[in-house]
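S.K.: I'd like to go over a predicted model; first the sequence, then the structure.
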Amino acid sequence: MSREKFALGVGAALVAAIVVHFGALRAPFFADDWLFLDQVRSHSLLAVLASPDPIGNFLRPLGRQVWFWTLANLSGESPFLFHAANLSLFLGALVLLARLTRRMAGPLAGIVAASYLALHYAADVPVMWASGSQELLAIVFALGALEAHALKRSLLAGALLFIGLLAKEVVALTPLVAVLLDTGEGTWGTRARRAWPLGAALVAWLAIFVPFMLTRPTVGSGLALSPMGPLAVPILLVRVATGLEWPTGGVPAFPPRDPGEAGWISLLIVIVGLFTAVQVTRKKPPVAARAAGKSGKPAKHTAAEHVEVPATRVPSPQGIRAGLVWAVAGALPVAAIAPVWSGYYFLFSLAGVALALGTAVARTRAPLMWAVAAVAVLGWTSHQARALTEFATAPSVWSAQGHVNRFYLLRGMKVVGRAVDDLRSQAPKVEPRTTFFFAGIPAFAAVQVGDGPLVRGVYRDSSLRSYYLSAISRPYLARGPWKMFFYESSSGRLLDHTTSPGVLLSTALGMILSDNIQAATAALDAAHELGPPDRALDYVTGLVAFERGDTAAAAESFRRAGLNPVRGGLDVLRSVEAALARADTLAAAQLLQRATVVYAYEASLHAKYSDLLLSRPRTRPDGQLEAYAARVLDPTVGLSWRRWGYVLATQNRHNEALAALERYARLAPEAAAADARTREVVATLKRMLPGGDIAQRSLKGQMER
């Protein structure tokens, strides 16, 4: 095969990769991206490198600080350029892989290797996520180091590997791969000595990396160690290499998922590229041989009739062995985080799989047929994994899907993109030192990270801060102007409620539901300072003070609300029961309303009042508050915790609801044992937690909003 035809085949793989990942160019910044942009904004590169890493979990100055500082200054923090650069890095990795594989097993093997990796879903996350630069830079420099080593430019190879390790440590076993790929003469010891610059680069990097890791405040954070990790990694490698991820409760690739227009086109491109670049070896040229046979004289033929006959030498099996060992070596680091595995963790390992696959195909009797079959089948299974609308929501080495995949990013980026648009449209300009509070926004979207790198990125103002509403406190409210944005789950939009009447009281009520009494107290204090006297505000303030154990403040707030902070009035319950026996719920409610004013500390009155109010949609919010009152005023009653657990469940506070219902079971074990309905509610709540089947099914619905 000529160099031109090899370039044509690899070029087809590159075009297919562009088709697959073209949509990534429109992706916004996400999660860690905002942290790195926040660090490099308005600082020199030296100042950035001298400052602490914003995440602090690993030493990756090239993949983080240097890369983000360079591209942010070149592009004005344009996400398009970041994603275009990531895609360019991936294309460069494909070219380098094709060259390495051609050197080991011939041009057809190189084309197959590049085509396999071009279609593989493991590249989705690094290309689509700006922070994926860490993975891609490490792989490109590692492949460049292997290429330089093969060309006997050993010092350059060592330098490239050292740079790659400063992007991400996933390529640490590259020296071993270099020894395996060495086709020169000599023993393994001789080959190892030839790779000494790569080993020296690894040692030099370890001399920096290990002390850094040991000086971290929490050594080992970010790891997810499991005794099953080492056992699971080879199985996960096979699964990722073959695209075996599947829906919860389903099986791989069944029913088949439509890979989409880009998927079909990319498959067609690589197959056509293989057919165009490869010519099947024949024992005699069809034109010249037939002519010579008929006339007995040598036939003349034009350049257009010339058929290029490639060499028939069968590639050495060294490429298969080297590729498989490369794949395993590249996968070994995943053992430390196996319970939270993702397909993209194996990207460097998959380069070894690609080498082994290309070599194996080139050694067959019908290499073109096997090349097309292998690329088509594995490309199809990869597109099936790419089309999943689920991801693992709980740690598990045996989860049906990876934890961070294309759908995970699309789901989070959709929320981020809308949030940025909503901030710019509803608050085009904000004053310096403004503090943003976000309520209800899904944590998976990472709109709120740290103390507000996203809002500082949106407005390019370093004085801004943002927090979850659950972190509301007097110091945060006092540092300057503040804004409150609430996430509307039905529309997926952020809504500015800063000037909405009663926003601080509703914030306090939300904090009560989340069992965050400290934040509720801060919101109530701010409401008292900023607003006129309000009976409902005083009532809630009294209940929160009572839960904190400040009975003096509680009594004072109750009196301001017109309530008498005493117990008693149990005889009223008989009148209430009589009214209910007559089906006169209005009279019963009026009796309880008056009684809870005169005997405000009587928990049983609030409990009965709550049951009446919760039975009607129109009065349900008041019933929830009365359920809280009954639980606070006498926390020893099991049924009060049962009632409160049901309230929390209707407000999607799944963890808090489970905790309340468990408290009910401890306080009233006999009643709980006979309570079939509550057992069903508990079982359903557990299915709604991360890892449960209801939680998994809800992922697709959230994406469709």
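M.R.: Looks like it came in fine.
S.K.: residues contacting the residue positioned nearest the centre of the chain?
M.R.: Nearest to the geometric centre of the chain sits Val404, at 4.2 Å (CA atoms, centre = their mean). With contacts defined as CB atoms under 8 Å, 6 or more residues apart in numbering, the neighbours of Val404 are Val125, Ser342, Tyr344, Phe391. To be clear about C-beta, it is placed using only N, CA and C from the backbone, and glycine gets the same treatment.
S.K.: ok, 6 Å please
M.R.: Val125, Ser342 (CB atoms under 6 Å, 6 or more residues apart in numbering).
S.K.: Backbone dihedrals for it, please?
M.R.: phi -130, psi 110 (degrees, to the nearest 10).
S.K.: Test my guess that Ala527 contacts Leu504.
M.R.: Yes. Counting by CB atoms under 6 Å, Leu504 is a contact partner of Ala527 at 3.7 Å.
S.K.: When these two are compared, which one has more neighbours?
M.R.: In terms of neighbours (other CB atoms under 10 Å), Leu504 is the more surrounded of Ala527 and Leu504; the figures are 23 against 20.
S.K.: And the helices in the stretch 301-450 of the chain, which stretches?
M.R.: Using DSSP state H, counting those that start in this stretch, the helices of the stretch 301-450 of the chain run over 318-331, 347-362, 367-386, 406-426.
S.K.: Out of those, indicate the one that is most buried.
M.R.: helix 347-362 (a mean of 28; mean count of other CB atoms under 10 Å).
S.K.: now what about it, what contacts it?
M.R.: Residues beyond helix 347-362 that count as contacts (CB under 6 Å, 6+ apart) turn out to be 97, 101, 105-106, 108-109, 112-113, 116-117, 122, 135, 139, 170-171, 241, 315, 319-320, 323-324, 326-327, 330-331, 367, 370-371, 374.
S.K.: could you dump it to CSV, C-alpha only?
M.R.: This file holds the C-alpha atoms of helix 347-362, laid out as CSV (Å, rounded to 0.1, in the frame of the first residue of the first chain):
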residue,chain,number,x,y,z
LEU,A,347,-8.8,5.9,26.4
PHE,A,348,-5.0,5.4,26.6
SER,A,349,-5.6,1.7,27.2
LEU,A,350,-7.8,1.5,24.1
ALA,A,351,-4.9,2.7,21.9
GLY,A,352,-3.3,-0.6,22.9
VAL,A,353,-6.5,-2.5,22.0
ALA,A,354,-6.4,-0.7,18.6
LEU,A,355,-2.8,-1.8,17.9
ALA,A,356,-3.7,-5.4,18.8
LEU,A,357,-6.8,-5.3,16.7
GLY,A,358,-5.1,-3.8,13.7
THR,A,359,-2.3,-6.4,13.8
ALA,A,360,-4.7,-9.3,14.2
VAL,A,361,-6.7,-8.2,11.2
ALA,A,362,-3.6,-7.7,9.0
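S.K.: From the chain's centroid, how far away is it?
M.R.: Taking CA atoms, centre = their mean, to the nearest Å, one finds the center of helix 347-362 at 27 Å from the center of the full chain.
S.K.: Quick one: mean pLDDT for that helix?
M.R.: Helix 347-362 shows an average pLDDT of 96 in the prediction.
S.K.: Report the angle between it and helix 318-331.
M.R.: 160 degrees (axes from the mean of the first three to the mean of the last three CA atoms, to 10 degrees).
S.K.: Report the contact partners of Trp406.
M.R.: To be clear, residue 406 is Arg; Trp isn't right here. Here Arg406 is in contact with Asp124, Arg386 (CB under 6 Å, 6+ apart).
S.K.: I meant Leu591, not that one.
M.R.: By CB under 6 Å, 6+ apart, the contact list for Leu591 reads Val572, Ser575, Val576.
S.K.: So which of those residues is the closest to Ala439?
M.R.: The closest of those to Ala439 turns out to be Val576 (CB to CB; 36.7 Å).
S.K.: Three-state assignment for that closest one, please.
M.R.: Counting by DSSP: H, G, I helix; E, B strand; the rest coil, the backbone at Val576 sits in helix.
S.K.: So it sits against Ala587, correct?
M.R.: No. Val576 is beyond contact range of Ala587, at 8.5 Å (criterion: CB under 6 Å).
S.K.: Those two: which has the busier surroundings?
M.R.: Val576 (22 against 15).
S.K.: Apart from its chain neighbours, what residue comes closest to that one?
M.R.: Leaving aside its sequence neighbours, Val576 sits nearest to Ala588 (CB to CB, 6 or more residues apart in numbering; 4.7 Å).
S.K.: In which helix or strand does that neighbour reside?
M.R.: Using DSSP states H and E, the element containing Ala588 is helix 585-598.
S.K.: quick one on the thing from earlier: closest to Tyr408 out of the contacts of Leu591?
M.R.: Nearest to Tyr408 among the contacts of Leu591 is Val576, at 52.1 Å by CB to CB.
S.K.: For Ala204, grab the count of nearby residues.
M.R.: Using other CB under 10 Å, the number of residues around Ala204 comes to 14.
S.K.: Assign it to helix, strand or coil.
M.R.: Strictly by three-state DSSP, Ala204 counts as helix.
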